[in-house]
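A.B. asks: Could you look at this predicted model? Sequence included:
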Amino acid sequence: MATLFRTHLRLARTSIKENRTRSFLTCLGIAIGVASIVLILSLMGGISNLIKNEISEIGSDLIVVRPNSTKDSVTSVIEELTSSNSFQNSSLSIKDVDEIKKLEDISAVAPIAISNNKIDSEKNNLSSVQILGTNSDFIKIQPIALHYGSFLNDENEEKTVVLGRTLSLALFNTINSTIGKTITIMGEKFMIVGVLDEVDKSINFDNIDFDNAAIINIKHLNKIAETAQIQQINIKAKNTDSLGQISDNIRNTLTNQKLGDQNFTVSYGDSIMHPASSLFMIVSGMLTLVAAISLIVGGIGVMNIMLVSVAERSHEIGVRKAVGASSRNILMQFLFEALILSLMGGILGLLLGYILAFILSTITPFSPYISWHIIAVTFLTTTLIGIIFGIYPAIKAAAKNPIDSLRHYR
Amino acid sequence: MSENILIELKGLTKSYGYGDTKYFALKDFDLTIKRGEFIMIMGPSGCGKTTLLNIIGLLDRATRGEYILNGENVANISMRRQAKLRAKKIGFVFQNFNLIEDLPIIDNVSLPLVYTGYSKTAQLKNASSALRRFHLQEKEYYLPYQLSGGQQQRVAIARAIVNDPEIILADEPTGNLDSRSSHVVMEELKAIHEEGNTIIMVTHNPALTVYATRVINMLDGQIDTDIKTVEDQNLPQPISVKIKKRKKSRRK
């Protein structure tokens, strides 16, 4: 069996070599499909790695509460696409934040509400700026540093704002000496009390681009933008050992608060990693689907070429059968050829995909993610493609009648 | 004496089509072939010569009847068994040589060994010695189209004998050759026969019957005349069994 295996391998190699251009083009079809899957997987891996790193920076004492959409997923996705707010109908409220604060072993609780609004300064007007409504606990949880000035103060009733670095530049053309100046958000005047250091992490578990955000107190945000809802509550626990216990407490408290409705999720550890927006998942899912379709097209290419090859080599099949090849031998010979074509395409695609991912990583913040999972997935799918699209031509070859095939002289 | 019988055909019938268009290529065909015979089958086209050869060569199946090869009824064995028997016991020589154009000569010759579990080295050794026998050893890595017709047919004969078969079937082996090449090929076949091999050959050329020990004339799927020119006891018998380096086959 082993000798026969090697023989099939050798035969496939010879045949592929003989039709070099044809084989290469077929491989390329598979390679493009594989490359796009590898690219998507490695970028998706890169993104979750980014968030994972961020969470480990923050510490393992983080608990996150997010609302569940009350509507079915399709409508909520459409809503997300058409509106700037991630969660239109959040089930979380400031009252919940206060309730969580009363629980034991919790050091900080910060809500996150986001609204996109117009901001005017004396120099520039910006039409759509991400405005984050939160409280003074936010900076205790999120490792963001102030370039200068101070963060929000809950006791202070005055309307204050902290600007992201890039936003500050956009509004005043400077990051220095903006403290004490006022900006207008939806007609309300806010005094600038601080400017953030550069964060340069547009992808994070809060789903906020800090460099371009204005941070104000959530009670002010609710007044100027009624649609702004709490889309996440970040909680810092006092110790990391009893995260499960604490999150259970939070879950119970909120359930009581909401009269038994469980329309929220409490997560900690790695499960926070899932990007806050399901939009991201939908988009990457669709991309994977497109890549899978191109892989299928590649597979059809393999099948096409194998059918041509079987037709061309009718005579060879006849000769082989006449000298003692069984139908099974012929089947294996052609199946191996398809499999090798497809695997070669897979290897080529793997390389191509990583090269593309590296090129992309030079212009985007995430680095490509290489893991044996992706390589295993590649080999598995290409093997499957090879077998699925190779089996029909191979069966066709094996079923040929030797007498008729011998007459098929070139 | 019965062990000398290689092939027995009893009531072999092969028909094509149904009803009014039914046509018999072979009709109740009986034939006994002894080891060491060199049989020439002659007859007009369409008399069933090639069909007979294909059935004996296990490439085709009879519609009904018995085919006993080496004491075993092989008329209704599985396709897989047929292929195995083809690989081990039967060598084919065709009119149009039927070499694989993309493979070098030596790989063409070793083809029957590929499917019988020989190691690569054993395949090449056997193929090489078969080619040497036909004075083609310098052409081992030529491609078939680089050889003349006569040379190609000698390669095909080398391929037919490389697996040391029980029987060699030749379907008009000289049909595509000029008289000089024909002569060379026939001399080679004669030499193979003299070593004790059984050969069944289909031909249209009556001049070639001088090589035969038995000439069968066929007509409409049946034997018309059957003339033995050599007595059974004078038939050449296998002298020795070739010793080959055979890799232990891992298959059953």
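C.D. replies: Sure thing, it's come through.

A.B. asks: In a strand, residue A:266, correct?
C.D. replies: Yes: the assignment for residue A:266 (DSSP: H, G, I helix; E, B strand; the rest coil) places it in a strand.

A.B. asks: wait, it sits on residue A:68?
C.D. replies: No: using Cβ atoms under 8 Å, residue A:266 is not in contact with residue A:68; the gap is 11.0 Å. Using the backbone N, CA and C atoms, a C-beta is placed for each residue, glycine as well.

A.B. asks: More neighbours: which of the two?
C.D. replies: residue A:266 (21 against 14; other Cβ atoms under 10 Å in any protein chain shown).

A.B. asks: Residue A:292: neighbouring residues, count only.
C.D. replies: Here the number of neighbours of residue A:292 (other Cβ under 10 Å) works out to 14.

A.B. asks: residues in chain B within reach of chain A, list them.
C.D. replies: By the rule Cβ under 8 Å from any Cβ of the partner chain, the part of chain B lying against chain A is B:54, B:57, B:59-60, B:79-80, B:83-84, B:86-88, B:90, B:92, B:94, B:96, B:98-103, B:111-112, B:114-120, B:159, B:163, B:247, B:250-251.

A.B. asks: Follow the chain on from the worst-scoring helix or strand of chain A on mean pLDDT and name the next helix or strand.
C.D. replies: Within chain A, no helix or strand scores below helix A:73-82, which has a mean of 55 by mean pLDDT, DSSP states H and E. Counting by DSSP states H and E, the next helix or strand C-terminal to helix A:73-82 is helix A:94-102.

A.B. asks: Which elements pack onto that following helix?
C.D. replies: strand A:106-120, helix A:218-224, strand A:230-237, helix A:243-257 (3 or more Cβ pairs under 8 Å, 6 or more residues apart in numbering or on different chains; DSSP states H and E).

A.B. asks: most tightly surrounded among the ones you listed?
C.D. replies: Highest mean neighbour count of the helices and strands packed on helix A:94-102: strand A:230-237, a mean of 24 (counted as mean count of other Cβ atoms under 10 Å in any protein chain shown).

A.B. asks: got the angle for that strand vs helix A:243-257?
C.D. replies: Strand A:230-237 runs at 140 degrees relative to helix A:243-257, counting by axes from the mean of the first three to the mean of the last three Cα atoms, to 10 degrees.

A.B. asks: Which neighbouring elements make contact with strand A:230-237?
C.D. replies: Packed against strand A:230-237 by the contact rule (3+ Cβ pairs under 8 Å, 6+ apart) you find strand A:62-67, helix A:94-102, strand A:106-120, helix A:138-141, helix A:243-257.

A.B. asks: okay, these in TSV with mean pLDDT and distance to residue A:179 next?
C.D. replies: Output for the helices and strands packed on strand A:230-237, formatted as TSV (pLDDT from 0 to 100; distance: least, Cβ to Cβ, whole Å):
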stretch	mean pLDDT	distance to residue A:179
strand A:62-67	81	30
helix A:94-102	81	28
strand A:106-120	84	17
helix A:138-141	80	16
helix A:243-257	81	36
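
A.B. asks: Packing partners of the longest helix seen in chain B?
C.D. replies: When every helix of chain B is counted residue by residue (DSSP state H), the longest turns out to be helix B:179-194. Under the contact definition 3+ Cβ pairs under 8 Å, 6+ apart, helix B:179-194 sits against strand B:38-42, helix B:149-161, strand B:167-171, strand B:198-202.
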